[in-house]
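Participant: Sequence first, predicted model second:
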Amino acid sequence: MEERHLRNDLNVSGLSQTAGGAFHRVSIDGMAKVNGNLDCTSLSVNGTLKMHGALSAESATINGMCTLNGPLNSSRVRVDGLTTIHGNLSSPELEVNGKCTVRGRVDGERIDIGGMITIDGDVQCESLNVQGNIKISGFLNAGSVEIKLHTSSSAKEIGGERIDIRRTEQSGFWKSIGLGGTPSFKTSLIEGDEIVLEDTEADIVRGSKVYIGRGCSIKLVEYSGELEIDPDAKVGSSQRI
């Protein structure tokens, strides 16, 4: 921590190309290309940043555009702009209000999505809260999962202690852009202790206390405690385990 504070700052307001290095604060208000690893206390991108290397920062805030060809490790990441990461993302705190694409896995403690995120790999975290759009090609494992459906979202499989996926009527930003499809969620497997679902399509739902709500289409429900099925839901079969 002290060593980072003794470093020089890197400020880019025009066009710049650098080999990377170690800095205290990095601020990009213009266009920067970094060919190498970058280690800093804080990164702020209000312009455009393109990197070929690993990024390590105590905090990273992206308000502009960022393309990172390498992994991102940070204590706190906030994306309000447009970001593509060709690598893994590791951060205890991740907040996305813009658009973020991760061509790797995501590891964190708390993940809050108010915008759009696409993840090619697995996701591991303590809590996932989604008020926007999320697409996960891999496995989602979280202690708590809460997804408010504004658009069409998906994950390959979900595992967690408490999983709550419900529909929210489109309004405000999501209604105005008219993108993302009908509010729905699609996955092959949901497994947890307490499960509440609406407008969800799945092959198997397995849990202790399970509520299958309106708009759901589930092939098989396996439960060990309680099962409640809404009249406006389709369930192929159910069995107590």
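Facilitator: That came in fine, so what should we check first? Residues are numbered from 1 along each chain as shown.
Participant: need the next SSE after the lowest-mean-pLDDT helix or strand in the chain, C-terminal direction.
Facilitator: Lowest on mean pLDDT, DSSP states H and E among the helices and strands of the chain sits helix 172-177, with a mean of 58. Next helix or strand after helix 172-177 toward the C-terminus (DSSP states H and E): strand 184-186.
Participant: And for that following strand, what's in contact with it?
Facilitator: For strand 184-186, contacts defined as Cβ atoms under 8 Å, 6 or more residues apart in numbering pick out 147, 149, 152-155, 165, 167, 197, 199-202, 215. For every residue, glycine as well, the C-beta is placed using N, CA and C.
Participant: Farthest-apart pair in those, please.
Facilitator: Using Cβ to Cβ, the contacts of strand 184-186 span at most 17.5 Å, a distance reached by 155 and 215.
Participant: if you count what's nearby, which of these two comes out ahead?
Facilitator: residue 155 (25 against 21; other Cβ atoms under 10 Å).
Participant: gap between that one and residue 48?
Facilitator: 31 Å (Cβ to Cβ, to the nearest Å).
Participant: Ok, residue 134 next?
Facilitator: 25 Å.
Participant: So if I had to pick from the two, which one is more boxed in?
Facilitator: residue 134 (24 against 19).
Participant: Show me where this protein has its helices.
Facilitator: Taking DSSP state H as the criterion, the chain carries its helices at 2-5, 172-177.
Participant: and stretch 88-103, how far out from the chain's middle?
Facilitator: How far stretch 88-103 lies from its chain's middle: 6 Å, per Cα atoms, centre = their mean, to the nearest Å.
Participant: Likewise for stretch 78-87?
Facilitator: 11 Å.
Participant: same question, stretch 146-161
Facilitator: Averaged C-alpha coordinates place stretch 146-161 at 10 Å from its chain's average position (Cα atoms, centre = their mean).
Participant: Quick one: mean pLDDT for it?
Facilitator: Averaged across stretch 146-161, the pLDDT comes to 95.
Participant: Noted, bye for now.
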